[in-house]
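**Student:** give me a model of this one.
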Amino acid sequence: MTDEKTWLMEYMETFAAARGLALPPGAAERFYRYAAFLLAQNEKMNLTALKTLQAVADGHFLDSLAPAAMRLIPDGSRIIDIGCGPGLPGLPLRFALENSEVTLVDSQRKRVRFMEEFIADTGLSGAKPVCARAEALAADPAYRERFDVAVSRAVAGLSVLCELCLPFVRVGGVMLAYKGRGAQEEAEAARGAVSALGGRLRGVENAGLAGEQDGHCIIIIEKTAQTAKIYPRKYAKITKNPL
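**Tutor:** Numbers count the residues shown, from 1 in each chain. Predicted coordinates:
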């Protein structure tokens with residue numbers, strides 16, 4: 001009988017290979033160690049609603065890897081993950097893109113400590129957890145418009161998300177929003193916000209995880225101009241009066 005570690009490593013390698021994505025050496029084992037650590041720590045703190053290795057692989061890892069499998073993020077990119085929770089999708093992207101650097105932003109200290117402990121225990125390089133609110137961090141010159149790619153998964157409506165993410169993206173970079181059913185309608189409704197923040201809607205692509213009808217989509221927004229310094233506003237204003 002195949003043990004859980006071997007199963008998960010082979011599962012991730014098979015998924016990647018089927019999409020033409022070659023995982024770097026050690027990546028499959030990192031997926032296992034992350035899943036095992038996530039489930040172990042989840043018994044002490046609320047990190048995920050998923051309770052098994054397969055559920056974590058299917059519900060978190062495959063979805064997180066979609067932009068890499070879709071060739072939307074070149075290896076070597078500077079990536080920022082806004083509202084990453086315990087490190088999703090940022091850590092799986094870092095496992096798959098060995099030359100990339102990922103900044104993992106979350107406002108809850110317990111989640112940041114979880115990521116710090118995992119990174120220290122595994123010796124993972126190119127991954128930096130930051131405990132901060134996105135709207136405050138975006139005012140820091142060390143972070144503002146410094147990234148090739150901003151990603152965010154299951155955080156907020158697209159107009160709100162754009163105001164939180166686009167200030168971090170350099171001109172010529174992209175923002176990738178992980179969305180489900182209704183992504184096309186949400187993207188169309190956010191066109192005004194995208195434009196006001198210096199972006200352009202490139203399109204909505206099916207992630208192709210389980211066929212065309214699975215609902216997993218990536219909204220792709222190009223950064224075409226600098227974001228005005230008045231953005232992002234305070235979070236209460238962003239959510240009360242979305243652009």
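**Student:** going forward, measure contacts between C-alpha atoms and count neighbours the same way
**Tutor:** OK.
**Student:** gap between residue 190 and residue 80?
**Tutor:** Relative to residue 80, residue 190 is positioned 21 Å away (criterion: Cα to Cα, to the nearest Å).
**Student:** compare these two (neighbour count), which wins?
**Tutor:** Set side by side, residue 190 and residue 80 show more neighbours around residue 80, with 28 against 20, by other Cα atoms under 10 Å.
**Student:** okay, and the more buried one sits in which element?
**Tutor:** Counting by DSSP states H and E, the element that carries residue 80 is strand 78-82.
**Student:** give the other helices and strands that that strand contacts.
**Tutor:** Contacts defined by 3 or more Cα pairs under 8 Å, 6 or more residues apart in numbering; DSSP states H and E place strand 78-82 against helix 90-96, strand 101-106, strand 147-153.
**Student:** recalculate using a threshold of 7 Å.
**Tutor:** Here strand 78-82 touches strand 101-106, strand 147-153, going by 3 or more Cα pairs under 7 Å, 6 or more residues apart in numbering; DSSP states H and E.
**Student:** what lies in contact with it?
**Tutor:** Counting by Cα atoms under 7 Å, 6 or more residues apart in numbering, the neighbours of strand 78-82 from elsewhere in the structure are 90, 100-106, 134, 147-152, 165.
**Student:** ok, it: who's next to it in the sheet?
**Tutor:** Strands that pair with strand 78-82, judged by DSSP bridges, come out as strand 101-106 (parallel), strand 147-153 (parallel).
**Student:** where does this protein have low pLDDT?
**Tutor:** Within the chain, the stretches falling below the threshold (pLDDT under 70) are 1-2, 209-214.
**Student:** what does the helix or strand hosting residue 56 rub up against?
**Tutor:** With the criterion set as DSSP H and E, the secondary-structure element containing residue 56 is helix 53-56. Outside of helix 53-56, the residues that reach it under the criterion Cα under 7 Å, 6+ apart are 35, 50.
**Student:** buried set for it?
**Tutor:** By neighbour count, and taking 16 or more other Cα atoms under 10 Å as the criterion, the buried residues in helix 53-56 are 53, 54, 56.
**Student:** next: stretch 192-199.
**Tutor:** Going through stretch 192-199 with 16+ other Cα under 10 Å, the ones that come out buried are 193, 194, 195, 196, 197, 198, 199.
**Student:** could you do stretch 71-83 as well?
**Tutor:** Here stretch 71-83 shows 73, 75, 77, 78, 79, 80, 81, 82, 83 as buried, counting by 16+ other Cα under 10 Å.
**Student:** next, the angle from the longest strand seen in the chain to strand 147-153.
**Tutor:** Counting residues, the longest strand found in the chain (DSSP state E) is strand 169-179. Using axes from the mean of the first three to the mean of the last three Cα atoms, to 10 degrees, one finds that strand 169-179 and strand 147-153 are set 20 degrees apart in direction.
**Student:** quick one: strands adjacent to strand 169-179?
**Tutor:** strand 147-153 (parallel), strand 217-223 (antiparallel).
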